[in-house]
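Colleague: Sequence and computational prediction follow.
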Amino acid sequence: MSEIIEITPISAEAFAPFGDLIDISGAPDKIINQGLCGRYHDRAKMDFADGRAGLSLFNAEPRTLPMRLEMVERHPEGSQAFIPMGGQGFLVVVAQDLGDAPGRPLAFETEPGQAINFHRGTWHGVLTPLCEPGLFAVVDRIGPGANLQEHWFDTAYEVRRP
Ligand SMILES: NC(=O)N[C@@H](O)C(=O)O
Ligand code: NI
């Protein structure tokens, strides 16, 4: 019997230990383009140690819930941002670091129009759409050396909505 991880709606506060929730909540930081655009300025703490920022497109298979979670990973050298191209909500799994291994995962679901940025070294589930399109822009580190550490749980979790 797998241990259950219940999905909760994401909030900037709950996600703050793991990364940045990027959305247009609140007033824009700047009004630009002759007053026709609100700029929500510099909303992610990005990090590309000994490398550079890369912008890629991921076309991922949507998952169905409940979902079996067997692994989380982290990028010791850089942050990683997931930006849905279709504005769709998606699943975000994170876990605290307990000293080279993750703790019990947490699962969040984003609202349409929200993006996230995992801070450097945050344990996370891989990109996980819950619906079509599974098309995302991903901003992460391009650089030398290894930047991926995986942790496979001894026992899989079951991620589901309450
Ligand atoms: N491996 C890869 O490019 N993607 C993962 O890092 C992920 O978090 O989806
Ligand atoms: Ni990743």
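Modeller: Yep, that arrived. Numbering: from 1, shown residues only. Ligands and ions are numbered 1, 2, ... in the order given.
Colleague: so who does residue 69 touch?
Modeller: By C-beta atoms under 8 Å, 6 or more residues apart in numbering, residue 69 lies in contact with 5, 93, 105, 107, 125, 153, 156, 157, 158, 159. Any C-beta I mention is one placed from the backbone N, CA and C, and that applies to glycine too.
Colleague: what's near enough to touch the nearest residue to residue 161 once chain neighbours are set aside?
Modeller: Spatially, and ignoring its direct neighbours in sequence, residue 161 is nearest to residue 7 (5.1 Å; C-beta to C-beta, 6 or more residues apart in numbering). Residue 7 is in contact with 65, 91, 107, 108, 109, 159, 160, 161, 162, counting by C-beta under 8 Å, 6+ apart.
Colleague: Kindly recompute the last result at 6 Å.
Modeller: The contact partners of residue 7, by C-beta atoms under 6 Å, 6 or more residues apart in numbering, come to 107, 109, 161.
Colleague: bridging residues for it?
Modeller: Residue 7 forms beta bridges with residue 107, as assigned by DSSP bridges.
Colleague: and the gap between it and residue 109?
Modeller: As for residue 7, its distance to residue 109 is 5 Å (criterion: C-beta to C-beta, to the nearest Å).
Colleague: So how do I select the buried members of the contacts of residue 69 in PyMOL?
Modeller: Selection command for PyMOL covering only the buried members of the contacts of residue 69, criterion 16 or more other C-beta atoms under 10 Å:
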select buried, resi 5+93+105+107+125+153+157+159
